[in-house]
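> A structural model of the following input is requested.
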Amino acid sequence: MTVSRLGVNIIMEPLPRGMKNMRITIKDIAQRSGVSCSTVSRVLTNHPNVDPKTRERVKQVIDELGYRPSRIARGLVMGQINVVALIIGDIRNPFYAELTRAVKDILNKEGYMVVVSDSDYDPQKEEIYIRAAEEYGFAGIIMITAMETEALIQQLEKLRCPVVLLNRYLPSVETDVISVDNYLGGYLAAEHLIKLGHRNIAHLAGFKNSSATRDRLRGFIDAHVHYGIQLNQERIVYGNLQMEAGYKFAKEYLSQNEDITAVFCGNDLMALGLIEALYEEGKEIPRDISVIGYDDIDMASLARVKLTTIRQPQYEMGQTAAEVLIDRMKGKIGAPKRIIFTPKLIIRESTAEYKPGK
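Sure, this is the predicted structure:
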């Protein structure tokens, strides 16, 4: 077959038997074009030092063979690939699912592939994923979970690719941070319960070495101070942000502390687990005990008792984190950004006014 392109007649031989089902390589293109592999590489990278007629001949062979260059292989040669690592704490948590969707929507539009890694809130896994991202030449990293450890801090300080912390921050690490005002969120939760007349309020918090947990706890404590209410420190218990933690808290802790009239949970999943256990114990929500969560995942409004909670603008946070990372990957320099969103109290059915002697 003879093909004419830009006045150049190119004689194309039929493909050898079986080649259509084989992975085409640069070597195959070079052999059929009658040029060296280095010339084919220069054509693929649009290098100017290629004769126009030779470039046309190589391009025609590429079209005829249906060759598609490997972005990963090319990226490894160049030292970086258009892949972003997204490290999350728990892939089962709907809160992370919405953040992940937002991050992928934005990055995919810009030609980046997103690799999602589930750390199970394990600092060692976080360190492994970061190390892998750097070794494979990933373009950037977004961490939705960042457990504050000395090893992680040292690792992030040495990274050569940009990193954005989403819904977390590390005080000693200078990097871009996208988060919600977790201090205000904790304050709003406690204030809501206090204004309903509750005085014996427990807090089922998240992980101790999480900035989000610490900030929500500070807000929770300061609301008590502001309203002149004595807070029993034994009422602060730490959980793993999963439903089972809330379930266990209700079965083991609340059953032994029946004077508690309200609970602020560090996320919606623990709140939902707590409510389930309370119903098993014959309790009514909110008649016997008020419960407030944090995040406002879809399940919060679909539970048997619609959950009062603190809403985070999940999609907007993920979108902003991706946009900031894209700027950094494109070489935009400047002081680290700290973008803080405002949480909102969403009042539903799981909280009510405290009535003595109920």
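> contacts, neighbours, all on C-alpha from now
Fine.
> which parts of the stretch 1-150 of the chain are strands?
2-5, 8-11, 81-88, 113-118, 138-143 (DSSP state E, counting those that start in this stretch).
> on contacts alone, who are the packing partners of the third one?
Pointing back at strand 81-88 there. helix 71-78, strand 113-118, helix 123-135, strand 138-143 (3 or more Cα pairs under 8 Å, 6 or more residues apart in numbering; DSSP states H and E).
> can you give me the buried ones in the second one?
Of all the residues in strand 113-118, those buried under the rule 16 or more other Cα atoms under 10 Å are M113, V114, V116, S117, D118.
> ok, it: who's next to it in the sheet?
strand 81-88 (parallel) (DSSP bridges).
> could you pull up the mean pLDDT of the partner strand?
Confidence for strand 81-88, expressed as mean pLDDT, is 94.
> could you check the angle that strand makes with helix 123-135?
170 degrees (axes from the mean of the first three to the mean of the last three Cα atoms, to 10 degrees).
> hey, C-alpha coordinates of strand 81-88 in PDB?
Provided in PDB are the C-alpha atoms of strand 81-88 (Å, rounded to 0.1, in the frame of the first residue of the first chain):
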ATOM      1  CA  ILE A  81       5.000  10.800  35.900                       C
ATOM      2  CA  ASN A  82       1.600  12.500  35.800                       C
ATOM      3  CA  VAL A  83       0.300  10.500  38.800                       C
ATOM      4  CA  VAL A  84      -0.800  11.800  42.200                       C
ATOM      5  CA  ALA A  85      -0.900   9.800  45.400                       C
ATOM      6  CA  LEU A  86      -4.000  10.300  47.500                       C
ATOM      7  CA  ILE A  87      -3.500   8.900  51.000                       C
ATOM      8  CA  ILE A  88      -6.700   8.400  53.000                       C
END
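> which residues touch it?
Residues from elsewhere that reach strand 81-88, judged by Cα atoms under 8 Å, 6 or more residues apart in numbering: 71-72, 74-75, 96, 100, 111-121, 126, 129-130, 133, 136-145.
> ditto for stretch 331-344
For stretch 331-344, using Cα under 8 Å, 6+ apart, the contacting residues are 174-182, 184-185, 310-313, 317.
> tell me the buried residues in it?
Buried-residue list, stretch 331-344, by 16+ other Cα under 10 Å: I339, F341, P343, K344.
> I'd guessed G239 sits against L204; true?
Yes. Counting by Cα atoms under 8 Å, G239 touches L204, with 6.4 Å between them.
> so between those two, which is more surrounded?
L204 (25 against 21; other Cα atoms under 10 Å).
> need the residues touching each of G239 and L204.
By Cα under 8 Å, 6+ apart, G239 and L204 have these common neighbours: G246.
> thinking again about what came up before, I'd like the buried residues of stretch 331-344 as CSV, with distance to L302 and secondary structure appended.
What follows is these, written out as CSV (distance: Cα to Cα, whole Å; DSSP: H, G, I helix; E, B strand; the rest coil):
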residue, distance to L302, secondary structure
I339, 31, strand
F341, 25, strand
P343, 20, coil
K344, 19, strand
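> of all those, which two lie farthest apart?
Between any two of these, the greatest separation by Cα to Cα is 16.5 Å, found for I339 and K344.
> give me the phi and psi for S290.
Dihedral pair for S290: phi -90, psi 140, per degrees, to the nearest 10.
> try V180
Per-residue torsions, V180: phi -100, psi 160 (degrees, to the nearest 10).
> so it makes contact with Q312?
Yes. Here V180 reaches Q312: they are 6.7 Å apart, a contact under Cα under 8 Å.
> so V164: helix, strand or coil?
Classification of V164 using DSSP: H, G, I helix; E, B strand; the rest coil returns strand.
> name the residues linked to it by a beta bridge.
I142, D176.
> not counting its neighbours along the chain, what's nearest A262?
S290 (4.5 Å; Cα to Cα, 6 or more residues apart in numbering).
> so which residue is dead centre in this protein?
Per Cα atoms, centre = their mean, the C-alpha nearest to the average position across the chain is that of I144, at 3.9 Å.
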